[in-house]
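Undergrad: with the sequence up front, the predicted model follows.
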Amino acid sequence: MSAVWLKLITLLTILSCPALSVSSEVVWRALGEAVTIQCRPSKPDQEYLSLKKGLSEEHDVLYKEGNPEKNTIYKEFMGRLQLNGVFPNVDILIKNLTSNDTGPYWCVYKKFDLVSSKNLEMKGTGSVLLQNVESEFCYSLCVFVCVCVCVCVCVCVCVCVCVCVCIHTHIYIIIWSSVCGAVELN
């Protein structure tokens, strides 16, 4: 059960990361399903595309050259990737998802700069945070949401009861003081 909560905390931490909020989305898929990552460059005339995985882009998934079209698929994803589209607009389908596939994916484009003699990197659009939904995780998330809703309802009921008691007590004091005041005058 603690692994489920660790995944939830990790997911919430990643979602609050400003780097991911620029042009990314969260995609939920069950184990064994597929996900499509639509990589698009921010600027034209890109020469290479790397699909990277991890917060620090530490894992390589795919390396694609624009001319000639040459693809390098890394071992962990061999036989599970399908590429569609014409470079630089590439749709990458990852099939038969496993729990190891969970995490952020980045579309990173590169172009060789003649002036600096270096490859200039830039993130394209289409980056996603992939979260695999396992049945235990789903159940725990449902329980968590139900408990939160129940707590909120209980708090609202308690507040309403307190307000009603306060109003009733206040009215009772007003009535009592006016009755007592009327009695004292006679």
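TA: Good, I have the coordinates. These numbers come from a predicted model, not from an experiment.

Undergrad: which strands or helices does the helix or strand hosting residue 128 pack on?
TA: Element membership for residue 128, per DSSP states H and E: strand 127-133. Applying 3 or more C-beta pairs under 8 Å, 6 or more residues apart in numbering; DSSP states H and E, we find strand 127-133 packed against helix 2-15, strand 24-30, strand 35-39, strand 103-113. Backbone N, C-alpha and C define where each C-beta goes, glycine included.

Undergrad: and that strand, what's buried?
TA: 127-132 (16 or more other C-beta atoms under 10 Å).

Undergrad: avg pLDDT for that strand?
TA: The pLDDT scores in strand 127-133 average 89.

Undergrad: could you give the angle of that strand to strand 35-39?
TA: Compare the direction of strand 127-133 with that of strand 35-39 by axes from the mean of the first three to the mean of the last three C-alpha atoms, to 10 degrees and you get 170 degrees.

Undergrad: low-confidence ranges in this protein?
TA: 1-24, 135-166, 168, 170, 172, 176-186 (pLDDT under 70).

Undergrad: quick one, helices of it?
TA: Along the chain, the segments classed as helices by DSSP state H run 2-15, 135-185.

Undergrad: who touches stretch 85-100?
TA: With contacts defined as C-beta atoms under 8 Å, 6 or more residues apart in numbering, stretch 85-100 is touched by 29-41, 44, 46, 49, 51, 61-62, 64-67, 69, 76-77, 80-84, 101, 109, 124, 130, 132, 134.

Undergrad: just the buried members of those?
TA: 29, 35, 37-39, 41, 46, 49, 51, 61-62, 64, 66, 77, 80-81, 83, 101, 109, 124, 130, 132, 134.
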